[in-house]
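In: only the shape, not the letters, is given here:
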């Protein structure tokens, strides 16, 4: 019993030390950018221009819905939603967002949906996405998007669950670390997912899949 307790204490200390190291390596700027003080978050945002938090490196989130395309926005047509700055390509898209922000907000804070279904908020490229039932889902690349689409409804249900129960309102770095150490039962490595894609498509995709 004593040995078990000691091992448990050692494990907790080791995890705490690793978490501290992870947060230190991440840098204050990234932590601040991804973790607003209130509202929608955590988010896939970066510090750029004179803003500490720009969503998806300035991608126009309205264009996903209206054009089914990635379009880079401009600081000239920026608007703040909560503590996050959103860039738009023109005044029309900015006005559409201001009229109904919830309609255009990317799911899961713009993080890779493939990671969110494992409880891990990271990655997510502005130019890798799908639109499903009027909602925007971002991914860490074509391979990540393809593997998520193999069981789209099931994977969205998993991602919705972990976003609602664990991730929304959390610190992205703490949550990421937690679920990389304490993995969900259905966790899949990159190799696991590549095998699924190979079986489904009959070839090995060259694009990356976020773990």
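Out: Received the coordinates, thanks. A quick note: this is a predicted structure, and the numbers were derived from the prediction, not measured.

In: where does this protein have low pLDDT?
Out: 1-27, 203-211 (pLDDT under 70).

In: at 50 what do you get?
Out: 1, 3-4, 6-8, 10-14, 17, 21-23, 25-26, 204-211 (pLDDT under 50).

In: which residues in it form strands?
Out: Taking DSSP state E as the criterion, the chain contains strands spanning 45-48, 51-55, 74-81, 84-88, 125-132, 135-139.

In: any idea which of these gets closest to residue 100?
Out: With respect to residue 100, and counting by C-beta to C-beta, the nearest of the strands of the chain is strand 74-81 at 11.4 Å. For the C-beta atoms, the positions are set from N, CA and C on the backbone; glycine is no exception.

In: buried ones in that closest one?
Out: Neighbour-count burial for strand 74-81, counted by 16 or more other C-beta atoms under 10 Å, picks out 77-79, 81.

In: most widely separated two among the residues you listed?
Out: Top of the distance list for the buried residues of strand 74-81 (C-beta to C-beta): 77 and 81, 13.4 Å.

In: residue 173 against residue 28, yeah?
Out: No: at 10.9 Å, residue 173 does not count as touching residue 28 under the criterion of C-beta atoms under 8 Å.

In: between those two, which one's more packed in?
Out: Legend: neighbour count by other C-beta atoms under 10 Å for residue 173 and residue 28, higher for residue 173 (21 against 10).

In: mind putting the strands of the chain into CSV with distance to residue 95?
Out: Shown next, in CSV, are the strands of the chain (distance: least, C-beta to C-beta, whole Å):
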stretch, distance to residue 95
strand 45-48, 22
strand 51-55, 17
strand 74-81, 9
strand 84-88, 9
strand 125-132, 21
strand 135-139, 18
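
In: go through those strands and name the closest to residue 146.
Out: Closest among these, using C-beta to C-beta: strand 135-139, at 8.7 Å.

In: quick one, the closest one and strand 125-132 angle?
Out: 140 degrees (axes from the mean of the first three to the mean of the last three C-alpha atoms, to 10 degrees).

In: so which elements touch strand 135-139?
Out: For strand 135-139, the packing partners by 3 or more C-beta pairs under 8 Å, 6 or more residues apart in numbering; DSSP states H and E come out as helix 61-67, helix 113-116, strand 125-132, helix 142-149.

In: count the neighbours of residue 108 for me.
Out: By the criterion of other C-beta under 10 Å, residue 108 has 26 neighbours.

In: please read the previous query as pertaining to residue 32.
Out: 15.

In: same check, this time on residue 99
Out: 9.

In: do residue 198 as well
Out: Residue 198 has 12 nearby residues by other C-beta under 10 Å.
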